[in-house]
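Chemist: Turn this into a structure:
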Amino acid sequence: MLVSETKIRVRYGETDQMGYAYYGVYAQYYEVGRVEAIRQLGFSYKDVESKGILLPVSDLSINYKRPAYYDDELTIKTIIKEKIHGVRLHFDYEVYNQNNQLLNTGRVTLICVDKQTNKPCKLPIWFEAALASFFE
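Modeler: Here you go, the predicted structure:
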């Protein structure tokens, strides 16, 4: 299992009239966590794209438990729970505030797409190999 943790501070412009972090901003927080998790594999998102692979989101779900507020320091925990085979990558998320209170959980599913054909393709062997070390 791969687990990555990223810190993010809620900015004023990300809050709504109630002073809560706007619900839609969590998709962006998840993306920051996902990019850093991929970096933990030894390459960047940019590297993946330069090798002809795109990873569009096919599904996003979030279960909100409590709000985050302006200037809270959040920990975005990004988890890949299972080995990846085929075209789908599942990233699970847990978001905590500075008091270690769970704010929400989520899941994002990406589809591996060949950049030239714009069609789903199997995850490249080099990506699978990088992930394999986290499941031994």
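
Chemist: switch to C-alpha atoms for all contacts and neighbour counts from now on
Modeler: Will do.

Chemist: what helix or strand is the most centrally placed residue in the chain on?
Modeler: In the chain, the residue lying closest to the centroid (Cα atoms, centre = their mean) is Arg34, at 2.9 Å. Counting by DSSP states H and E, the element that carries Arg34 is helix 25-40.

Chemist: which of the residues in that helix are buried?
Modeler: Applying a neighbour-count criterion of 16 or more other Cα atoms under 10 Å, one finds 26-27, 29-30, 32-38 buried in helix 25-40.

Chemist: after that helix comes which helix or strand?
Modeler: helix 45-50.

Chemist: quick one: buried residues of that following helix?
Modeler: Per 16+ other Cα under 10 Å, helix 45-50 contains these buried residues: Tyr45.

Chemist: So what's the gap between it and the chain middle?
Modeler: 15 Å (Cα atoms, centre = their mean, to the nearest Å).

Chemist: What of stretch 24-32?
Modeler: That offset, for stretch 24-32, works out to 8 Å (Cα atoms, centre = their mean).

Chemist: could you dump that stretch to PDB, C-alpha only?
Modeler: Output in PDB follows, covering the C-alpha atoms of stretch 24-32 (Å, rounded to 0.1, in the frame of the first residue of the first chain):
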ATOM      1  CA  GLY A  24     -15.500  22.100  -4.300                       C
ATOM      2  CA  VAL A  25     -11.900  23.000  -3.400                       C
ATOM      3  CA  TYR A  26     -11.300  19.500  -2.000                       C
ATOM      4  CA  ALA A  27     -11.000  18.100  -5.500                       C
ATOM      5  CA  GLN A  28      -8.100  20.400  -6.000                       C
ATOM      6  CA  TYR A  29      -6.600  19.400  -2.600                       C
ATOM      7  CA  TYR A  30      -6.900  15.700  -3.700                       C
ATOM      8  CA  GLU A  31      -5.100  16.500  -6.900                       C
ATOM      9  CA  VAL A  32      -2.200  18.100  -5.000                       C
END
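
Chemist: just the strands in the protein please.
Modeler: Along the chain, counting by DSSP state E, strands occupy 2-9, 53-54, 57-64, 73-80, 88-96, 102-111, 113-114.

Chemist: helices or strands up against the fifth one?
Modeler: Identification of packing neighbours for strand 88-96 by 3 or more Cα pairs under 8 Å, 6 or more residues apart in numbering; DSSP states H and E yields strand 73-80, strand 102-111.
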